[in-house]
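A.B. asks: Provide a 3D model corresponding to the input given below.
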Amino acid sequence: MKIRTKINLGYGLFFILILCVGAIGLWANLNILEQIELKNASFRQMVTVAQLSTELSYHAKNAEASLVQFLCLNDDMDRKSFFLHVKQLDMHLSALKNRELDPEGLEIVQRLSTEKDKLLEKGNQLLADYNDEVKRTGIYIPRNFKVQIQSFHDISSDIRNQGVSFTQYITKTLNRQAAITAISEIVSYITRAKGHLMLYLILGSEADRNKFFDRLVSLEEQIRIFEYYTSDPDIKQVAKELYKKKEGFALQGETLLTYYDQDIRDRGLFPFEDHRQAIREFWEAALNFSQDVIDIGKRHDALKQSSMVTLAKSAQFFKILIYVGLIVSLLLAFVLGNMISKKLSTPFMQLQNAFDKIAGGQLNITLNNAANDETRTLTDSFNAMAIELKNYAAQLEDRNQKLKMEIEARKQTQADLEKAFNELKILRGLLPICSHCKEIRDDKGVWNKLEAYIGQHSEAEFTHSICPKCLDRLYPETDDD
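C.D. replies: Numbering: from 1, shown residues only. This next block holds a predicted model:
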């Protein structure tokens, strides 16, 4: 496998790794976004139901306080207020029944509905007793109906307790949401403190008086809890103002207790008519205090929902950012991988081509590499090797030429020797020659003329001429010229 193929394969795996990491990040973001949206929907559901349950407790205790105040002050507005709060209880219970609740939640709602019916029944019974007593004696003395009023109070307290339980049940799905629960408890303690004070004024039970002060302590504790768990600075500032309102509410209650103690000491009874204004002011202070707390709770819940929406938008933006980042990362990985692959593989490919040329006999090769890395060292080593090969090839060629010249010289010498040897063999052999006619006998026994035999067995050629002796002997008449 070629180096570039290996490098590309490595970057391909890296590309796949980036894709997998991006896919995992995208999946995680989508899952987080889904959880945030689900949590946001659950939070909206929880806030709505928690507000309904808080207002259930508020209306139950105010229904009690309105009827008790009617029994004390004989103001028809209080009687109407009682039925108005009961109607609000009906509406809130119907709204809760239309919510998607699990069996535990439905069971609590059913108990609340049952207690509401008991509250209405007991309230109507108290009103009937009031009318009968007024007709019979002309005056209604609440203390004479202590048992009935206490029973009525217990029913409203049961509704309050069920409402608080419902708030705790609905908030447990989102880690209790202490701030929301604290709002419910603050409203509850306001109405309970008011109820216990009114019961004390009617029935004179020291337990109710002590509970009034106990509820004030618990009220302040819940305000601190709300202030601690709320994160918005404006809400924290508003929460601090609840301490002042609590002090004002407590002061009005203590004023009524002062009037009560003085009247009991001086007159032996507490005339409600004489203190109608103070009771009304205490009543209005409790209502305003409760309503302010409910409004603060709604504001807190709205901010909480807004932060959840902002968080969802942030997650949505982060999802888009992951998409963009993934695409950009893949493109960069592809481009950079291709560039790096070429940068790394090019020197090796040049070396491979250079080696192929050297193998083909081309020794005049020099590679250029400006990189300051290991490939530069490898290229320099190759160039040094190529120079050495070139020099060695030149030396070999020179030696080869010398060898060729030596071989040619040796061949010529050998030829000369062979020629000389052949000549020496013919001339030095013992030849049988006729002493008279001078013919020579060959190896086969044939007699050959001297000229013919020497011509066949040497490279000598004969030309005919006549020596002076033979000339004088054969042609004596020829002059010396």
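A.B. asks: ok, residue 65 - how many residues close by?
C.D. replies: 25 (other Cβ atoms under 10 Å). (Each C-beta comes from the backbone N, C-alpha and C, glycine too.)
A.B. asks: check residue 356 too.
C.D. replies: 10.
A.B. asks: residue 187 now?
C.D. replies: Residue 187: 28 neighbours (other Cβ under 10 Å).
A.B. asks: ditto for residue 207
C.D. replies: 12.
A.B. asks: distance of it from residue 64?
C.D. replies: 17 Å (Cβ to Cβ, to the nearest Å).
A.B. asks: you'd agree residue 458 is in a strand?
C.D. replies: No. The assignment for residue 458, made by DSSP: H, G, I helix; E, B strand; the rest coil, is coil rather than a strand.
A.B. asks: start at 838 instead
C.D. replies: Right, with 838 as the first residue, what we last looked at is residue 1295.
A.B. asks: and for it, the neighbour number?
C.D. replies: 13.
A.B. asks: what's the spacing between it and residue 1256?
C.D. replies: Distance from residue 1295 to residue 1256, by Cβ to Cβ: 11 Å.
A.B. asks: so residue 983 makes contact with residue 1040?
C.D. replies: Yes. Shown here, residue 983 and residue 1040 form a contact pair, counting by Cβ atoms under 8 Å, at 5.1 Å.
A.B. asks: neighbour count winner among the two?
C.D. replies: Using other Cβ under 10 Å as the criterion, residue 983 and residue 1040 rank with residue 1040 on top: 17 against 14.
A.B. asks: pull the contacting residues for the more buried one.
C.D. replies: Shown in contact with residue 1040 (Cβ atoms under 8 Å, 6 or more residues apart in numbering): 979-980, 983, 986-987.
A.B. asks: how about the strands in this protein?
C.D. replies: 1277-1278, 1284-1285 (DSSP state E).
A.B. asks: what about the stretch 888-1037 of the chain, any weak spots by pLDDT?
C.D. replies: Residue ranges of the stretch 888-1037 of the chain with pLDDT under 70: 888, 890, 1004-1015.
A.B. asks: which parts of it are helices?
C.D. replies: All helices of the stretch 888-1037 of the chain, identified by DSSP state H, counting those that start in this stretch, fall at 913-934, 940-974, 983-1008, 1015-1040.
A.B. asks: domain parsing for this protein?
C.D. replies: Per automatic domain parsing, the domain ranges recorded for the chain read 840-1162, 1200-1266, 1267-1318.
A.B. asks: okay if I get those domains as TSV plus distance to residue 1191?
C.D. replies: TSV is the format used below for these (distance: least, Cβ to Cβ, whole Å):
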stretch	distance to residue 1191
domain 840-1162	15
domain 1200-1266	5
domain 1267-1318	58
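A.B. asks: buried deepest among the ones you listed, which one?
C.D. replies: domain 840-1162 (a mean of 17; mean count of other Cβ atoms under 10 Å).
A.B. asks: skipping adjacent residues, who's closest to residue 966 in space?
C.D. replies: residue 982 (5.9 Å; Cβ to Cβ, 6 or more residues apart in numbering).
A.B. asks: picking up where we left off before, now the helices of the stretch 888-1037 of the chain as JSON lines including distance to residue 1301?
C.D. replies: Shown next, in JSON lines, are the helices of the stretch 888-1037 of the chain (distance: least, Cβ to Cβ, whole Å):
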{"stretch": "helix 913-934", "distance to residue 1301": "159"}
{"stretch": "helix 940-974", "distance to residue 1301": "154"}
{"stretch": "helix 983-1008", "distance to residue 1301": "151"}
{"stretch": "helix 1015-1040", "distance to residue 1301": "152"}
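A.B. asks: who wins for proximity to residue 1107 among these?
C.D. replies: helix 1015-1040 (5.9 Å; Cβ to Cβ).
A.B. asks: now do the closest one against helix 983-1008, angle only.
C.D. replies: Relative orientation of helix 1015-1040 versus helix 983-1008 (axes from the mean of the first three to the mean of the last three Cα atoms, to 10 degrees): 180 degrees.
A.B. asks: coming back round to it: any residues in contact with both of residue 983 and residue 1040?
C.D. replies: Common neighbours of residue 983 and residue 1040 (Cβ under 8 Å, 6+ apart) do not exist.
A.B. asks: spit out the contact partners of residue 1056.
C.D. replies: Contacts of residue 1056 (Cβ under 8 Å, 6+ apart): 1023, 1026-1027, 1030, 1083.
A.B. asks: so which of those is the closest to residue 970?
C.D. replies: Using Cβ to Cβ, the contacts of residue 1056 come closest to residue 970 at residue 1030, 28.3 Å.
A.B. asks: from residue 1068, how far off is that closest one?
C.D. replies: Distance from residue 1030 to residue 1068, by Cβ to Cβ: 28 Å.
A.B. asks: same question for residue 1205.
C.D. replies: On the measure of Cβ to Cβ, residue 1205 and residue 1068 end up 67 Å apart.
A.B. asks: about what we covered before: dump the contacts of residue 1040 to a markdown table, plus distance to residue 1313.
C.D. replies: Shown next, in a markdown table, are these (distance: Cβ to Cβ, whole Å):
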| residue | distance to residue 1313 |
| --- | --- |
| 979 | 208 |
| 980 | 211 |
| 983 | 208 |
| 986 | 204 |
| 987 | 202 |
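A.B. asks: quick one: which of those is nearest residue 896?
C.D. replies: Taking Cβ to Cβ as the measure, residue 896 lies nearest residue 986 of the contacts of residue 1040, at 18.8 Å.
A.B. asks: next up, the contacts around the closest residue to residue 1035 other than its chain neighbours.
C.D. replies: Of all residues not flanking residue 1035 in the chain, residue 905 sits nearest, at 5.0 Å (Cβ to Cβ, 6+ apart). Contacts here follow Cβ under 8 Å, 6+ apart; on that basis residue 905 touches 979, 986, 989-990, 1032, 1035-1036, 1039.
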